[in-house]
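J.: got a structure for you, letters missing:
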């Protein structure tokens, strides 16, 4: 009889231990993932404060919920990125799949103007100062296209340079490609170009060339080429018959 009681006690003790370990795993998995993600990003020169993740009980554990956070980058065109919730991180196997959020803000570093060969229409835009705004964004896009960017989708996005607003975007999508990335927005408004109105935007970037199409009151296309040359070239075109380009 005493042996049976000892066996029951041992069984209950084992079950209680397993239950406590399971509860601890549920409680700690978020903290463990958050700490691991912070270390991985820090090794890449990205520091985010805070990183607070909620890891679902699923296999694979996806989507992972993230608390709003602001990240600073040690180098490159992008100085910081701020994500606002709800934020979802999809996994693909053991790697990063895609990121969705309600709102994102990009702050770009100041960029010194580069000497660019403009066509005749580009010379006209230079008078309004629009050429540098557009070309600097395109140079930054080319540089960012070199990295391994995860797919990103945000309902609203803002682009600033040194804190000053440059672009406001609705339904932003960033899609990596084999050679770079594609950025689209269903509606974009451009600072210092209010006369162009609002409209869809599409940007295709590789390290060697960038093409932007914006369809507002006019359809504007800019192609920046030969980025590896001492003096890249840019071609501007305008059309009075804008067509949607973001899809």
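T.: That came through, no problem. Note that the coordinates shown come from a computational prediction; the quantities given were computed from them, not determined experimentally.
J.: give the contact list for the residue nearest the centre of the chain.
T.: Central residue of the chain (C-alpha atoms, centre = their mean): residue 152, 5.2 Å from the mean position. Counting by C-beta atoms under 8 Å, 6 or more residues apart in numbering, residue 152 touches 98, 99, 100, 101, 104, 172, 173, 174. Where C-beta positions appear, they are placed from N, C-alpha and C, glycine not excepted.
J.: Adding secondary structure and neighbour count, write the residues you listed out as TSV.
T.: Shown next, in TSV, are those (DSSP: H, G, I helix; E, B strand; the rest coil; neighbours: other C-beta atoms under 10 Å):
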residue	secondary structure	neighbour count
98	strand	18
99	strand	21
100	strand	18
101	strand	23
104	strand	23
172	strand	26
173	strand	19
174	strand	21
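J.: Those residues into JSON lines, with extra columns for pLDDT and distance to residue 114?
T.: Listed next are those as JSON lines, based on pLDDT from 0 to 100; distance: C-beta to C-beta, whole Å:
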{"residue": "98", "pLDDT": "85", "distance to residue 114": "33"}
{"residue": "99", "pLDDT": "89", "distance to residue 114": "31"}
{"residue": "100", "pLDDT": "92", "distance to residue 114": "34"}
{"residue": "101", "pLDDT": "94", "distance to residue 114": "32"}
{"residue": "104", "pLDDT": "96", "distance to residue 114": "27"}
{"residue": "172", "pLDDT": "97", "distance to residue 114": "26"}
{"residue": "173", "pLDDT": "97", "distance to residue 114": "28"}
{"residue": "174", "pLDDT": "96", "distance to residue 114": "24"}
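J.: on that earlier part again, who is the residue nearest to the centre of the chain paired with across the strands?
T.: Beta-bridge partners of residue 152, counted by DSSP bridges, are residue 99, residue 174.
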